[in-house]
Structure formats: C-alpha cells, structure tokens
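[1] generate coordinates for the sequence data below:
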Amino acid sequence: MRFKNIVPLFFIMGLVYSQVIINEVLYDPTGVDTGQEWIELKNAGGSAVDIGGYDINATSGDYLTFPTLNVPAGDFVIVHWNTDGINDTDFSDDIAHIYTGSTGFSNMGNTTGWVALFNSTTHSSSTIIDYMEYGSGDQTWENSAVTAGIWTEDNFAVDVSEGSSLEYDGSGDLGSDFVEQVTPSQGSDNSLPVELVSFLVEQSTEGVRIKWRTESEFENIGFIIERKTDGANWIEIVSYKTDEFLLGQGTTSYPWDYEYTDRFVDKGKKYYYRLADVDQNGIVTYHQSENIILESNPLSATPDRLSLTTYPNPFNPTVNILYSVLDNDLNVKIEIYNLKGELVNSLLDNNKSQGWHSIQWSGLDSKGNNVPGGTYFCQIIAGNEIRNTKIVYLK
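    Purely as a prediction, here's the structure:
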C-alpha cells in the first residue's frame, strides 16, 4: 500500500508508510549490464526527507547505505548499481546521483529480481518501507513487505524487454502497478497516456475475448495486443494500424470500453496476453498481462456471422487468414488489394462448407512475384456478404 503526499515516515497498526518510493528500475540495460543498471527513488511527499542511513538492496547480500542526503519534495535520487562514480548530491536539477561502487556488488537479475528499501541498516518487516519484485514472486523480502503492508503476496511485475525499465504508475502495491517503459528516463515521471482500470481475457465460442477499460486517455493513438505461449517470445497479433477497433480516443477524461477476439487459438494450450498503448510521440507503454487455458475448441461452434481475421498482423513472411462460412456449399472469394484498389492476388474462389476455414498469403502477387512491403486489404465475399480487413507486410 503506497501513499503520496504523506508526512514523513510513520507507523500505524504495524503497517509501514513512506513518502520515499521506488519509482523506476532499469535492471536489464541494452548490452553490458555492469555500470548501466539504476534504481530511481522519488520523494512523493510534501516535505523534504533525509535518507541518510537508509539501506537499499537489489541483489542477494548487496546493500547500499545512503550518506546524509536531504531529498526535497518531488525530487529524485538515482542509485547507479554496481558501478563506481562520484556522488552528486546537488538537487539544483531536481536529481541526485549515488553510486554503489563495484566492490562486493553484483549485477541485478536480468529476468527476475527485487528492490527493497529500508529506513535503517537493520532489515526486517518493521524497517522495510518500499519494495517491488519482477519476473517471479516469493523472492527474498516479499514476506517482510507483505507483513509491512507495502506489497501483495505472490505478486510480481512482468519481466520486460532488454533496454526497457519498469516504472511505478503512482498507486497500489501490485506488480501490475509497474508498467514497462521502452524509453527509460532518469529524474522524471514518464507520462502514462492511458489510465487502465481493467484488463480481462476470457474464453468464448469464437476464441479468446480480450476486454479492457480506460478511465482516461491522453494523446492516445491506439492499442497493440501481444500474445505468447510458455517458453516463447511475445508476438504482436493485432494493432490499431490494422484494426480500427483498437484506435484510441486521443485525449478524453471519460471511461471507454474496448474488445477484441483472438480466434487463432487451440484447445488445451495456455496463452498469455498483454496490452500496450501508443501515444502521439510513438512511445509504447505496456500494461499488465493475463493468461488463459482453453478448455474447448473455440471454433467448434457454428458461426453466426461472416468473420475475417488475420494473424500475425503485421506479418513477415506469411499471414494466416481465418474466415467463417454461414451456409453449406457457399461460394467464397478471398482477394488481396493494394492501397490503389488494384487486385494483387486472388487466393480463393470456390464453394466451401459451413464452419471455420483458413488460408495463407505469403506476400506474392498473382504472377508469383514478391510484392513491396506496406499496407494491403484482404477482402472476403461469401454469398451476398463482404468483409474487409487491413494487413501490413513488413520487409
């Protein structure tokens, strides 16, 4: 449980509240880690705090004890982990820089780890004042943090890509309160263009239904949905560039509901989904992930409408096209057009049975030549109905 604008450290009923918080963590920098990892602390309260004698811990057995350092309200302290340097305690630019030194310190974990902040050189549930863990739960100081009321049991932030950081979104004591920042920054609160209040994945007769609600949006162009299975990498399956239903609302203070159905799924598999938003500067912000195990074949039900879905999108080298047929022996045409409206390739012109079917396109025109990368339209005509969807070919 974290609070902002609180008077300096105090204790109530065994719970610990602090105005100095762990604000951003870069634990897996691009390239060599040593000397590049850092932890950003912020004085989120309304008055200055002297953190002299506080301890911070980010790898087993490695603790940094802070020198006398009076942190003004709203200012930041950057702890440069496992690296030498001259401490900069001048807050004229709102930032102080503290170096742990390299002797006796180890690199932070690149896939799992934690950061624990104590208001003392002794370490227990009564002295821990902030905590976060990433990649997995039940790590070194989780029990103490849970007892102190500043973390949730068995909870953790999702491991992020190399070069990205995890930044606290300003409220809560869950791993999902830390969001991925693909452009880490020291000494500022990275803007979060979307305030996400819910993200749900559930099974439906057509696949996995993904639903989310935003409380507000700021300069939000749209959303990206990524998916993975155990042991695999995240893959983008759809974005606002190819599906108009994922376009954002720009700037709005009103709640907004979104929904997308992933039909390229199989019974018995476990799928993970995560959501990202993109602002007008092209900055991508990742939100929490959810998972689901399919208990039945989502495409076993008879379709009740003409559907056209593509995956992955954008694609290279091949895109899968999933479509539904409502009646038996119905003539179906599937064609690819360029942005000029010119026919690029006819993939199908045949009678198909009722149900779900799929076909692939590998970026070839009707003569077997590779087409240029870019945006194309996939069109299905089944009886008297027509559906179109955009697909993006990456080269």
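[2] you'd agree residue 109 is up against residue 25?
    No - using CB atoms under 8 Å, residue 109 is not in contact with residue 25; the gap is 10.9 Å. Every C-beta, even on glycine, is put in place using the N, C-alpha and C of the backbone.
[3] wait, isn't residue 55 in contact with residue 121?
    Yes - look at residue 55 against residue 121 with CB under 8 Å: they come within range, at 5.5 Å.
[4] quick check: buried residues in stretch 211-221?
    212, 214, 216-221 (16 or more other CB atoms under 10 Å).
[5] can you give me the mean pLDDT across stretch 254-267?
    The pLDDT scores in stretch 254-267 average 90.
[6] still on that earlier bit, give me the common contacts of residue 55 and residue 121.
    Counting by CB atoms under 8 Å, 6 or more residues apart in numbering, the shared contacts of residue 55 and residue 121 are 63, 65.
[7] looking at the two, which is more packed in?
    Ranked by neighbour count (other CB atoms under 10 Å), residue 55 and residue 121 place residue 55 first, with 19 against 12.
[8] ok, now which ones touch the more buried one?
    Contact partners of residue 55, counting by CB under 8 Å, 6+ apart, are 63-66, 117-118, 120-121, 123.
[9] go again with 10 Å.
    Going by CB atoms under 10 Å, 6 or more residues apart in numbering, residue 55 touches 63-66, 116-123, 127-128.
[10] with adjacent residues omitted, what lies nearest to it?
    residue 118 (4.3 Å; CB to CB, 6 or more residues apart in numbering).
[11] surely the one you found touches residue 22?
    No - contact between residue 118 and residue 22 fails when scored by CB atoms under 10 Å: they sit 11.8 Å apart.
[12] more neighbours: which of those two?
    residue 22 (27 against 24).
[13] my guess is that one contacts residue 43, does it?
    No - taking contacts as CB under 10 Å, residue 22 lies outside contact range of residue 43: 12.0 Å.
[14] near residue 163, how many other residues are there?
    15.
[15] over to residue 321?
    By other CB under 10 Å, neighbour count at residue 321 equals 22.
[16] quick one: contacts for residue 394?
    312-317, 363, 373-374.
[17] same thing but at 8 Å, please
    314-316, 373.
[18] mind pulling the model confidence for the residue nearest to residue 55?
    pLDDT at residue 118 comes out at 97.
[19] for the residue lying closest to residue 238 once chain neighbours are set aside, what are phi and psi?
    Using CB to CB, 6+ apart and skipping residues adjacent in sequence, the residue nearest residue 238 is residue 225, 5.1 Å away. Dihedral angles of residue 225 (phi, psi; degrees, to the nearest 10) stand at phi -110, psi 130.
[20] ok, now how distant is residue 225 from residue 187?
    Applying CB to CB, to the nearest Å, the value for residue 225 to residue 187 is 32 Å.
[21] got it, and residue 350?
    According to CB to CB, residue 350 and residue 187 sit 62 Å apart.
[22] more neighbours: which of residue 109 and residue 25?
    Higher neighbour count among residue 109 and residue 25: residue 25, with 27 against 20, using other CB under 10 Å.
[23] bridged to the more buried one, which residues?
    As for beta bridges, residue 25 partners with residue 39, residue 166 under DSSP bridges.
[24] would you agree it is in contact with residue 78?
    No - assessed by CB under 8 Å, residue 25 is found out of contact with residue 78, at 11.0 Å.
[25] give me the common contacts of the two.
    By CB under 8 Å, 6+ apart, residue 25 and residue 78 have these common neighbours: 38-40.
[26] follow-up on the earlier one: of residue 225 and residue 187, who's got more company?
    More neighbours surround residue 225 than the other of residue 225 and residue 187, with 21 against 17 (other CB under 10 Å).
[27] so for the more buried one, what's the pLDDT?
    95.
[28] list the contacts of stretch 251-262.
    Contacts with stretch 251-262, where a contact means CB under 8 Å, 6+ apart, come from 197, 204, 206-220, 223, 225, 227, 237-238, 243, 245-246, 249, 271, 273, 309, 311.
[29] do you know how far residue 344 is from residue 296?
    37 Å.
[30] and those two? Which one has more around it.
    Taking other CB under 10 Å, residue 344 and residue 296 do not tie; residue 344 has more neighbours (19 against 11).
[31] list the contacts for residue 230?
    residue 270.
[32] how many other residues sit next to residue 288?
    Neighbour tally, residue 288, other CB under 10 Å: 18.
[33] now it: how far from residue 109?
    From residue 288 to residue 109 the distance is 20 Å (CB to CB).
[34] so, low pLDDT: which residues of this protein?
    Judged by pLDDT under 70, the chain has its weakly predicted residues at 1-18, 171, 190-192, 301.
[35] tell me which residue lies nearest the centroid of it.
    residue 286 (2.5 Å; CA atoms, centre = their mean).
[36] host element of residue 155?
    Residue 155 belongs to no helix or strand when elements are defined using DSSP states H and E.
[37] hang on, the earlier thing: inside helices: which ones of the buried residues of stretch 211-221?
    Counting by DSSP state H, no part of the buried residues of stretch 211-221 is found in helices.
[38] quick one: contacts for the closest residue to residue 292 other than its chain neighbours?
    Leaving aside its chain neighbours, residue 292 sits nearest to residue 201 (4.9 Å; criterion: CB to CB, 6+ apart). By CB under 8 Å, 6+ apart, the contact set of residue 201 is 208-211, 271, 273, 290-292.
[39] all strands of the stretch 201-350 of the chain, in order?
    Applying DSSP state E, counting those that start in this stretch to the stretch 201-350 of the chain gives strands spanning 207-228, 235-239, 247-252, 256-262, 270-279, 284-293, 308-311, 319-325, 330-337, 343-352.
[40] helices and strands around the second one, which ones?
    It refers to strand 235-239. With contacts taken as 3 or more CB pairs under 8 Å, 6 or more residues apart in numbering; DSSP states H and E, strand 235-239 sits against strand 207-228, strand 256-262.
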